[in-house]
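**Q** Predicted coordinates and the sequence they were generated for:
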Amino acid sequence: MSRIIRFDDTLSSKEKIRTIEIRELRLPDDQQEVVEDYSLEEVLAERERIIAEAQSEITIQQQQFFAQCEEQQQALDFAKDQWEQDKLILQQQAYDEGFQQGLEEGRLKAEDNMSEAVQIANETTISSQENAQQYLESQERVILELAMNAATRILGLALEENGELFLNVVRRGLKEAREMKEIKLYVSLTYHKLVSSHRDELASIFPVDVPFMIFVNEELNDTDGYIETNHGRIVVSIDEQLNELRLKLIEILESVDQK
């Protein structure tokens with residue numbers, strides 16, 4: 001979602017910013033360094049694929065954790081069954097030999113052994129659960145960073161081959177400012193020529209009496225830009241919107257962990 005700053009009547013010098021929503025891009029299946037032209041829809045599909053793979057990896061790790069807990073429970077049940085069998089054997093031996101004292105000692109010893117086995121099994125289960133949870137949490141962040149790095153790389157390669165993608169971001173920002181009375185678009189030197197070549201198309205977004213000007217800001221990163229209006233500024237930075245996407249995904253992961 002884009003950020004927009006509108007001047008308060010009494011504090012006209014302050015700005016508020018909102019970020020324009022951007023869709024992630026898709027790299028071809030063969031992962032070649034030379035990227036063909038891609039539509040925004042294909043870029044979105046690649047983003048969905050990356051997120052789906054991340055969710056699939058988390059699901060697999062959770063299944064492995066539950067399987068490990070099931071194994072520990074089976075081990076505990078086996079220890080209990082073994083204890084019952086050993087107890088019967090000890091009782092029979094004690095009666096056969098006529099040593100009641102031996103029976104009592106055997107029973108106490110078996111109970112001690114069983115208690116120790118149960119304690120070990122419980123500690124192992126708890127430890128396995130804690131380790132598995134820590135592993136899942138660490139892997140969720142790793143998967144998220146991998147997905148975002150892949151998305152950033154795909155975006156950079158696609159922009160090199162198809163500047164129209166940056167124009168799409170600019171168009172969306174300008175549409176946010178359709179009701180404004182004066183429009184000044186600032187872009188980097190890298191994209192100034194491309195954006196200027198589409199000036200007539202971009203100007204058609206506004207009424208004919210609304211001034212629309214395009215400027216270069218050499219301090220901007222290649223894929224950064226912003227729109228100055230009589231009511232505030234609209235940011236059209238691709239890098240900032242990727243970062244916002246990362247923060248939103250982290251927020252989702254943290255909310256899931258707290259449940």
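**A** Structure's in. What do you need? Numbering: from 1, shown residues only.

**Q** all helices in the stretch 101-250 of the chain, in order from the N-terminus.
**A** Applying DSSP state H, counting those that start in this stretch to the stretch 101-250 of the chain gives helices spanning 164-176, 189-197, 199-203, 238-257.

**Q** Just want the angle from the host helix or strand of residue 58 to helix 164-176.
**A** Using DSSP states H and E, residue 58 sits in helix 40-97. For helix 40-97 against helix 164-176, the angle by axes from the mean of the first three to the mean of the last three CA atoms, to 10 degrees is 100 degrees.

**Q** Which neighbouring elements make contact with helix 40-97?
**A** In terms of contacts (3 or more CB pairs under 8 Å, 6 or more residues apart in numbering; DSSP states H and E), helix 40-97 is packed against helix 100-161, helix 164-176. All C-beta atoms are positioned from the backbone trio N, CA, C, and that covers glycine.

**Q** mean pLDDT for those: which is lowest?
**A** Ranked by mean pLDDT, the helices and strands packed on helix 40-97 bottom out at helix 100-161, which scores a mean of 64.

**Q** Check the spacing between residue 44 and residue 84 real quick.
**A** Distance check for residue 44 against residue 84: by CB to CB, to the nearest Å, it reads 60 Å.

**Q** who's more crowded, the two?
**A** When residue 44 and residue 84 are compared for neighbours, residue 44 comes out ahead with 15 against 11, by other CB atoms under 10 Å.

**Q** and the closest residue to residue 218 other than its chain neighbours, how far is that from residue 177?
**A** Nearest non-adjacent residue to residue 218, counting by CB to CB, 6 or more residues apart in numbering: residue 189, 5.7 Å away. Residue 189 is 23 Å from residue 177, where distance means CB to CB.

**Q** and what of residue 52?
**A** Going from residue 52 to residue 177 by CB to CB gives 35 Å.

**Q** Which of the two has more residues huddled nearby?
**A** residue 177 (25 against 11).

**Q** Can you tell me the closest non-neighbouring residue to the more buried one?
**A** residue 229 (5.1 Å).

**Q** Across the sheet, point out what pairs with the one you found.
**A** Beta bridges link residue 229 to residue 183, residue 232, judged by DSSP bridges.
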